[in-house]
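Colleague: Below is the structure, and that's it, no one-letter string:
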């Protein structure tokens, strides 16, 4: 007689790799690039192969500081044959990385090299600009390079739409700047700063010539106005396609210039920094008489405009408050609680709000924030704010990012925890 035995069928636990490549790729598409490259690709060979075999997952890359070794970055670049945009912030050994970009990533369209700690070899940059002929955006903010011929290489990029240059005061002069401006006819985004206060590049004569050349293409402009006067502002207002305008150190900016903004009928974002020459009545007059044009603004910043009062802010938010998603009134020290009432009344769609360094510390009642600003993603306050109130607010609005602005030797932001 044989004894029959019944064995319970062994069940195999489901594995994420059983989902198939299409579903894995969909999951990976929700990860940010740091998680994707530095974590997901390290899990197993299958995940690494799935990521590198899909060009869309590696179209944009960002590396910051020492979060990845140079060898690791170069290894990823070899696999990213469809790379279109890369951002390197404070990354060492940039020359080695640039060499790999030239060899493996000829389709590159956007390159950002910000605050890299070493002087970049000019030959490496020249090779980058000659190898990646489709570059449309270059950002070299805070990264120092020395070159005579480099600006000629930049000027040869006929597809260039966006250019940011700074920290190169020894080599960037009028002739080199104009060489770029005159050759890159498609420039849409331009950021210009005076790096050397003793020998400024940006004078009225130069600025007028720049905007006479770019008036039909320019859509976004950030301009250091430290040494500029009314002739420069008049030239800006002839750039009729401007959508984004940021004037820095606008100490000579007056009500007359402010009243000219409605000529820019496509303007969606306006930022005025240190407009100490603007009076409260200038804002009232401009916004009360030109409300149809200015109501299209979705981003508005008036930082350290010391003469702005409650009535001026009321005139602003009455006109464009309904469409505003970003409002920055940092350092506007004359505002009182009435300003808050007007923001609450007219600006219910805000995603970003900056109320740092305003004399009235009770300007914003944090208890009313959840009900009146349900879409708010970022709130910026200064380090004199009651942290107990901020913690209570963060409990109620779990997705709200609160940033603390500090001024010591220099201004900096840090996340509130």
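Modeller: Now that the structure is in, tell me what you want to look at. All values derive from a computational prediction rather than experimental measurement. Residues are numbered from 1 along each chain as shown.

Colleague: Report pLDDT for residue 134.
Modeller: Residue 134 is assigned 90 on the pLDDT scale.

Colleague: count of neighbours near it?
Modeller: When counting by other C-beta atoms under 10 Å, one arrives at 14 neighbours for residue 134. Glycine gets a C-beta too; all of them are placed from N, C-alpha and C.

Colleague: and if you look at residue 21?
Modeller: Burial measure for residue 21: 13 neighbouring residues, criterion other C-beta under 10 Å.

Colleague: any chance you could map the helices in the stretch 51-200 of the chain?
Modeller: Counting by DSSP state H, counting those that start in this stretch, the stretch 51-200 of the chain has these helices, from start to end: 70-79, 94-104, 122-131, 150-155, 174-183.

Colleague: who wins for proximity to residue 192 among those helices?
Modeller: helix 174-183 (8.0 Å; C-beta to C-beta).

Colleague: now the closest one: mean pLDDT?
Modeller: Across helix 174-183, the average pLDDT comes to 78.

Colleague: cool, stretch 23-32 as well?
Modeller: Here stretch 23-32 scores 85 as its mean pLDDT.

Colleague: contacts for it?
Modeller: Counting contacts by C-beta atoms under 8 Å, 6 or more residues apart in numbering, the residues outside stretch 23-32 that touch it are 16, 17, 36, 39, 40, 47, 50, 51, 54, 56, 57.

Colleague: quick revisit: so can I have CSV of the helices of the stretch 51-200 of the chain showing distance to residue 142 and mean neighbour count?
Modeller: As requested, the helices of the stretch 51-200 of the chain are arranged in CSV below (distance: least, C-beta to C-beta, whole Å; neighbours: other C-beta atoms under 10 Å):
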stretch, distance to residue 142, mean neighbour count
helix 70-79, 19, 18
helix 94-104, 12, 19
helix 122-131, 15, 18
helix 150-155, 16, 19
helix 174-183, 18, 16
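
Colleague: would you turn the ones you listed into a markdown table with distance to residue 315?
Modeller: Shown next, in a markdown table, are the helices of the stretch 51-200 of the chain (distance: least, C-beta to C-beta, whole Å):
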| stretch | distance to residue 315 |
| --- | --- |
| helix 70-79 | 50 |
| helix 94-104 | 48 |
| helix 122-131 | 47 |
| helix 150-155 | 43 |
| helix 174-183 | 37 |
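
Colleague: Walk me through which strands the strand ranked longest in the chain pairs with, and which way each runs.
Modeller: As far as residue count goes, and with DSSP state E defining each element, the longest strand of the chain is strand 401-407. For strand 401-407, the paired strands and their directions (DSSP bridges) read strand 378-382 (parallel), strand 411-415 (antiparallel).

Colleague: which stretch in those is the model least sure about?
Modeller: Ranked by mean pLDDT, these end with strand 411-415 in last place, scoring a mean of 56.

Colleague: Rounded mean pLDDT for the longest strand of the chain, please.
Modeller: The average pLDDT for strand 401-407 rounds to 82.

Colleague: Return the set of buried residues in that strand.
Modeller: Within strand 401-407, the residues that qualify as buried are 402, 403, 404, 405, counting by 16 or more other C-beta atoms under 10 Å.

Colleague: Report whether the expected contact of the third one with residue 379 is present.
Modeller: No: if you go by C-beta atoms under 8 Å, residue 404 and residue 379 don't touch, sitting 10.1 Å apart.

Colleague: re earlier: mind putting the contacts of stretch 23-32 into a markdown table with pLDDT, neighbour count and distance to residue 302?
Modeller: Formatted as a markdown table, those follow (pLDDT from 0 to 100; neighbours: other C-beta atoms under 10 Å; distance: C-beta to C-beta, whole Å):
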| residue | pLDDT | neighbour count | distance to residue 302 |
| --- | --- | --- | --- |
| 16 | 74 | 12 | 50 |
| 17 | 72 | 13 | 54 |
| 36 | 83 | 19 | 39 |
| 39 | 82 | 12 | 41 |
| 40 | 82 | 19 | 43 |
| 47 | 84 | 18 | 48 |
| 50 | 83 | 21 | 48 |
| 51 | 83 | 21 | 44 |
| 54 | 80 | 17 | 45 |
| 56 | 82 | 11 | 40 |
| 57 | 85 | 21 | 41 |
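
Colleague: which among those residues gets closest to residue 63?
Modeller: Residue 63 lies nearest to residue 36 out of those, by C-beta to C-beta, at 11.9 Å.

Colleague: Not counting its neighbours along the chain, what's nearest that closest one?
Modeller: Across the structure, with C-beta to C-beta, 6 or more residues apart in numbering as the measure, the residue nearest residue 36 apart from its sequence neighbours is residue 28 (5.9 Å).

Colleague: likewise residue 126?
Modeller: Sequence neighbours aside, residue 153 is the residue nearest to residue 126 in space, at 4.9 Å (criterion: C-beta to C-beta, 6+ apart).

Colleague: list the contacts for the one you found?
Modeller: When contacts are counted by C-beta under 8 Å, 6+ apart, residue 153 is found next to 125, 126, 129, 130.

Colleague: Flag the shaky bits of the stretch 151-300 of the chain, pLDDT-wise.
Modeller: Judged against pLDDT under 70, the low-scoring parts of the stretch 151-300 of the chain cover residues 166-172, 194-200, 290-291.
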